[in-house]
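Q: Starting from these lines, generate the structure:
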Amino acid sequence: MDAPEAGMVREPDEQSWESKLAVLWSYRRATGHLAPRQDAVWDDPAGGSPVPIGQHLANLRRTGGLGKNPERAARRAEQLAAIDEDWNCPWPLNWQRHYRVLADLVDAAGALPYIAPGVLFDGDDIGTWRWQQQKAGVRAQLMPEQRERLAKLGIKAAELPETAPAATRPATASGKGPSKAQQAFERGLGALAQWVEREGADRPVPRGAVIEVKVDGEAEPVPVRLGAWLSNTRARRDRLNADQLAALVKLGMDWA
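A: Reported below is the predicted structural model:
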């Protein structure tokens, strides 16, 4: 009867409700949120059998899940908000769960530490999620309050570098401007910026990928063998300067 496909919501009596509250308090203290996966199970603090906490919360969030009596439903909503004010947040629970993990890290350390893509916490890839929140396409789909919360964590929308930022690079000793190696790096960086903007930083660049970039002094776009350039650049990353490495990291190249 508790299954979503059943289309039914059972109103818990007061004793059952108090037992559920105890389980929810236990879960919130341990995890920092009330946004479990729907199949999540939690040990009963009273020593009983494991509780399907994910399904319980899904039922509470459904229409009528807090009971048919309006006053009692309002009182129960206040009790749930006392445990976690975001228990019934208007955005996906998956987003809320990842956010709370990072928020707890900030509370503990004072700032958000670096988290590489692929780092897992309770089965969630919080590293990949953290960097996805900087993407313009992902950011645009968020509610204003979600974006505000990310900003407070120090996660701001990524800004892609210009495709030809050579003017910010140091000139050669002779004062004749960037060397051929520097120019080649700028072309490759510009091609990578286009790839990330179009495909995202998480999608690997195929070895044979070719991107056309605009180059100062050239009437037509210049083709850049991005896959080969990226492979060669990674192989000789110990020869890159700090600015070049920072530009690569900004485009999602964690190896830099």
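
Q: Which residue ranges of the stretch 1-150 of the chain form strands?
A: 120-121, 124-125 (DSSP state E, counting those that start in this stretch).

Q: can I get those strands in JSON lines with distance to Met253?
A: From N, CA and C alone the C-beta is placed, and that goes for glycine too. Output for these, formatted as JSON lines (distance: least, C-beta to C-beta, whole Å):
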{"stretch": "strand 120-121", "distance to Met253": "21"}
{"stretch": "strand 124-125", "distance to Met253": "18"}
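
Q: so which of the ones you listed gets nearest Lys214?
A: Closest of the strands of the stretch 1-150 of the chain to Lys214 is strand 124-125, at 35.8 Å (criterion: C-beta to C-beta).

Q: got a list of what Asn105 touches?
A: Careful, residue 105 is Leu; it's not Asn. Applying C-beta atoms under 8 Å, 6 or more residues apart in numbering, we find Leu105 in contact with 112-113.

Q: what does stretch 88-96 contact?
A: 33, 35-36, 60-61, 77, 80, 86, 142-143, 146.

Q: Out of the strands of the stretch 1-150 of the chain, which is the most enclosed?
A: Mean neighbours per residue, mean count of other C-beta atoms under 10 Å, is largest over the strands of the stretch 1-150 of the chain for strand 124-125, with a mean of 15.

Q: that older thread, quickly name whichever of the contacts of stretch 88-96 is closest to Gln15.
A: When those are ranked by distance to Gln15 (C-beta to C-beta), Leu60 comes first, at 16.4 Å.

Q: any idea how far Glu199 is from that closest one?
A: Distance, Leu60 to Glu199, using C-beta to C-beta, to the nearest Å: 40 Å.

Q: quick one, which of those two is more surrounded?
A: Leu60 (21 against 12; other C-beta atoms under 10 Å).

Q: Now do the helices in this structure.
A: 14-31, 53-61, 70-83, 93-109, 126-132, 136-140, 144-153, 180-199, 226-235, 242-250 (DSSP state H).

Q: For Trp42, find the nearest of these.
A: Among those, the nearest to Trp42 by C-beta to C-beta is helix 53-61 (4.1 Å).

Q: Residue ranges of each domain in the chain, please.
A: 4-83, 93-153, 166-250 (automatic domain parsing).

Q: Leaving out the residues flanking it, which one is nearest to Gly154?
A: Leu112 (4.8 Å; C-beta to C-beta, 6 or more residues apart in numbering).

Q: For the one you found, grab the count of nearby residues.
A: Leu112: 16 neighbours (other C-beta under 10 Å).
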